[in-house]
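Undergrad: Give me the fold of what follows.
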Amino acid sequence: MKIISNFHDYYDTISKDGIDNSIIYLRYTKKHNIEPHFTYLYNIIINMLNCSDSTIIKPTICYIKAPNNFSEPYSYKPIYILFCGIIKIMFAKVKMNYRDFIADYITPLQMKDIAKEYDNYLKLKRINKRITTIDKYNLYMSIDNKKIDIMNKTNFPIIILIPEVQCIINPCLKDFNFHKIMDPYTTFQEIQMYISGVLQTEDKVTPWPVSDKIKSESKGFNKFSFRRQEHPRKSKRA
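TA: Here you go, the predicted structure:
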């Protein structure tokens, strides 16, 4: 698979083992507001959760102002990575006092430990909640690694939905710590198989108009391809 992109991701080094020029991944990131462009994707995921209690399905799992000396409150929100037709769940650690600034992205295993710790803290404070944090965690993890059929709606191999924030198309996965849940070789292979087996069909069109410059670069041409490169002349010895 040949990757044409303006940034480097953690799985790009796998291409050094060999490139199949017949498979091309135009990896240019685009960011959109979820409303109104990608509301249908969010609704598909909510329906997959299969939960009738609307108070559970919220973008925020918990607000943590403690335990110990948490001077700055944090909230933890699930993010949905639609990776090659499969949902992968990650969690965002949001610093609430800085206009919902995302401080870090954490794995499901890390979130599970945080949820248990927070529930234990609430028990010590004798704060009873109808729905525990670990229950919310288990609800979101129930759709992890499940298939999602969105090929009739989008032609992108990777889409990240951050509830109440934005939707990112063809993101840089290393920025989301995706390498903690999938190794580089598997990531590269899954994208290559998805593009060649699912996206590369006659009735599919390119996600957006491709410029002549990108087309020429995909064929191996650059600005020096049809030019004679000038070399400094060597001075003749006396």
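
Undergrad: mind listing what's buried in the longest helix seen in the chain?
TA: Ordering each helix of the chain by length in residues (DSSP state H) puts helix 108-124 first. Within helix 108-124, the residues scored as buried using 16 or more other C-beta atoms under 10 Å are 108, 110-112, 114-115, 118-119, 121-122. Bear in mind the C-beta positions are built from the backbone N, C-alpha and C, glycine included.

Undergrad: Tell me which other helices or strands it touches.
TA: strand 62-64, strand 86-95, helix 133-141 (3 or more C-beta pairs under 8 Å, 6 or more residues apart in numbering; DSSP states H and E).

Undergrad: Could you pull out the helices in the protein for me?
TA: Counting by DSSP H, the helices of the chain are 34-37, 39-49, 108-124, 133-141, 184-194, 212-218.

Undergrad: To I23, which of the helices and strands packed on helix 108-124 lies closest?
TA: strand 86-95 (19.2 Å; C-beta to C-beta).

Undergrad: contacts for the closest one?
TA: 45, 48, 61, 72, 74-82, 100-108, 110-111, 140-141, 143-148, 162, 176-178, 181-182 (C-beta atoms under 8 Å, 6 or more residues apart in numbering).

Undergrad: How far away from the center of its chain is the longest helix of the chain?
TA: On the basis of C-alpha atoms, centre = their mean, to the nearest Å, helix 108-124 sits 25 Å off its chain's mean C-alpha point.

Undergrad: cool, stretch 161-172 as well?
TA: 7 Å.

Undergrad: One more: stretch 21-40?
TA: Computed by C-alpha atoms, centre = their mean, the chain-centroid distance of stretch 21-40 equals 11 Å.

Undergrad: Now do that stretch: distance from first to last residue.
TA: Between the start and the finish of stretch 21-40 there is a gap of 34 Å, counting by C-alpha to C-alpha, to the nearest Å.
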